[in-house]
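> fold the following and give me the result.
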Amino acid sequence: MALLALVVLISLSALAQDGSDKQDMGKKEAKSADPAAKDVVGTIGKDGKTFTSDKEKKSWKLVNPEAVKGHEGHHVKLNAHFYPDKGEAHVMSLSMNTGDGTKKDTAK
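As a prediction, this is how the structure comes out:
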């Protein structure tokens, strides 16, 4: 009887360990799917909810439009996490293009 109880305990322990390994793997995959933030120059949409890059002419939906409030229609340098599969960008900061080659940080 004691041997049977020991086998059951070992089996349950192995199942619990296997479940936590799968959870850890899922967390690692989620982190690797999060792209690094990068700087892209372009224009904030007049509605303040989109950003169009100068180089690729690609339009991105801003997941946090409050970060660009007051810059609607402006030409900016955006630092953001871009998610091509969703067509979304999460703004980290932006700099205004002043036209004279200098940048002015306006949000972080």
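
> the closest residue in space to residue 72 that isn't next to it in sequence: what's it in contact with?
Leaving out its chain neighbours, the residue that sits closest to residue 72 by Cβ to Cβ, 6 or more residues apart in numbering is residue 48, at 4.3 Å. Placement of C-beta: from N, CA and C, glycine included. Counting by Cβ atoms under 8 Å, 6 or more residues apart in numbering, residue 48 touches 62, 65, 68-69, 71-72.

> which ones among the residues you listed map onto strands?
residue 62 (DSSP state E).

> which of the contacts of residue 48 are buried?
Among the contacts of residue 48, those buried by neighbour count (16 or more other Cβ atoms under 10 Å) are 62, 65, 68, 71.

> surely residue 8 forms part of a helix?
Yes: judged by DSSP: H, G, I helix; E, B strand; the rest coil, residue 8 forms part of a helix.
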